[in-house]
Structures are given as structure tokens and as C-alpha cells.
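K.L.:
Quick check, what structure comes out for this input:
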Amino acid sequence: MAKVEFLTESTFKTKVFNYEKNQEWKYEGSVPCLIDFYADWCQPCKMIAPILEELQNEYGASLQVYKIDTEQERTLAGMFGIQSIPSLLFVPVGAQPQMAVGALPKDTLKKAIKDVLNVSAPTK
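P.N.:
Below is the predicted model of the structure:
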């Protein structure tokens with residue numbers, strides 16, 4: 001079963017974007033991903049965490065959910081200009097990523113996964 005994965009700067013470069021090699025955005029993954037920029041002290045981040053776990057379970061291998069701790073990974077947070085958390089980066093394969101800010105409800109996240117990442121909700 002696919003799991004939410006926590007990224008560091010080095011794993012980010014291999015799984016999402018190697019900014020040392022590429023000037024232009026080039027997604028390294030094979031399936032669309034959703035990156036949650038969060039901090040442990042952030043209450044809205046804590047509220048959205050179980051929703052992201054549920055989404056990872058529901059979408060399985062067709063979507064990868066990553067989490068980046070903005071306190072630990074300041075370079076990554078700075079690179080994406082993270083001002084408020086949670087900030088969610090929707091990363092489609094072969095297109096530009098799009099950022100959404102705030103603890104969005106699950107329905108809104110599912111709509112963005114469909115519209116931005118072009119991943120349909122799994123059928124039960």
C-alpha cells in the first residue's frame with residue numbers, strides 16, 4: 001500500500017525536482033504528487049494530515065503524497081516561497097505545479113487532484 005512519505009532536501013531532489021541539475025521545472029516522479037508543506041506546531045496542518053493519509057490510501061499508486069517539514073527543510077520552503085502553512089503543491093506529470101494555501105476540505109482536495117493532476121478518484 002502506498003504511504004505518505006516525508007521528504008528531505010536530498011530525497012526531494014531525487015523524487016520531485018533536482019534544482020541543482022535543472023534550471024527549468026522538471027518533475028522527477030512517474031505519478032502525480034501532492035506535497036504538503038507543514039510544521040509540527042501548526043494546528044491546521046494537524047487537521048489536514050489525516051485527510052492526506054486517507055487520500056493516499058484511496059488513490060494508492062496513482063498519486064503520491066509527500067510531506068515537507070518547513071522547520072527542518074528551510075531551503076525547500078524558501079524555494080517555493082512558502083509564507084503560510086499548510087501550503088499544498090499539486091505536481092502533475094509533464095506540467096507546471098500549482099500551489100494551494102490552507103487546510104482545504106477533502107472534497108476540494110479531490111477536485112484539485114482531478115482538475116490539476118488529472119487523477120480520477122478510484123472506484124470502490
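K.L.:
By residue count, what's the longest helix in this protein?
P.N.:
In the chain, assigned by DSSP state H, the helix with the most residues is helix 43-59.
K.L.:
Could you spell out the sheet neighbours of the helix or strand following that helix, each with its direction?
P.N.:
Tracing the chain past helix 43-59, the next element assigned as helix or strand by DSSP states H and E is strand 64-69. Strand 64-69 has the following sheet partners, assigned by DSSP bridges: strand 5-6 (parallel), strand 33-38 (parallel).
K.L.:
who touches the longest helix of the chain?
P.N.:
1-4, 34, 36, 38-39, 63-65, 67, 85-86, 102-106, 109-110, 113, 119, 121-122 (Cβ atoms under 8 Å, 6 or more residues apart in numbering). Where C-beta positions appear, they are placed from N, C-alpha and C, glycine not excepted.
K.L.:
chain center to the one helix or strand Ala112 maps to: distance?
P.N.:
In the assignment (DSSP H and E), Ala112 maps to helix 106-115. Chain-centre distance of helix 106-115: 13 Å, with Cα atoms, centre = their mean, to the nearest Å.
K.L.:
list the helices and strands it packs on?
P.N.:
Helix 106-115 is packed against helix 43-59, strand 87-91, with contacts defined by 3 or more Cβ pairs under 8 Å, 6 or more residues apart in numbering; DSSP states H and E.
K.L.:
could you give the angle of the first one to strand 33-38?
P.N.:
Spelled out, that is helix 43-59. If you take axes from the mean of the first three to the mean of the last three Cα atoms, to 10 degrees, helix 43-59 sits at 160 degrees to strand 33-38.
K.L.:
list the buried ones in helix 43-59?
P.N.:
Cys45, Ile48, Ala49, Ile51, Leu52, Leu55, Gln56, Glu58, Tyr59 (16 or more other Cβ atoms under 10 Å).
K.L.:
returning to what we had before: buried subset of the contacts of helix 43-59, written for PyMOL?
P.N.:
In PyMOL syntax, the buried subset of the contacts of helix 43-59 is picked out as below (16+ other Cβ under 10 Å):
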select buried, resi 4+34+36+38+39+63+64+65+67+85+86+103+104+109+110+113+119
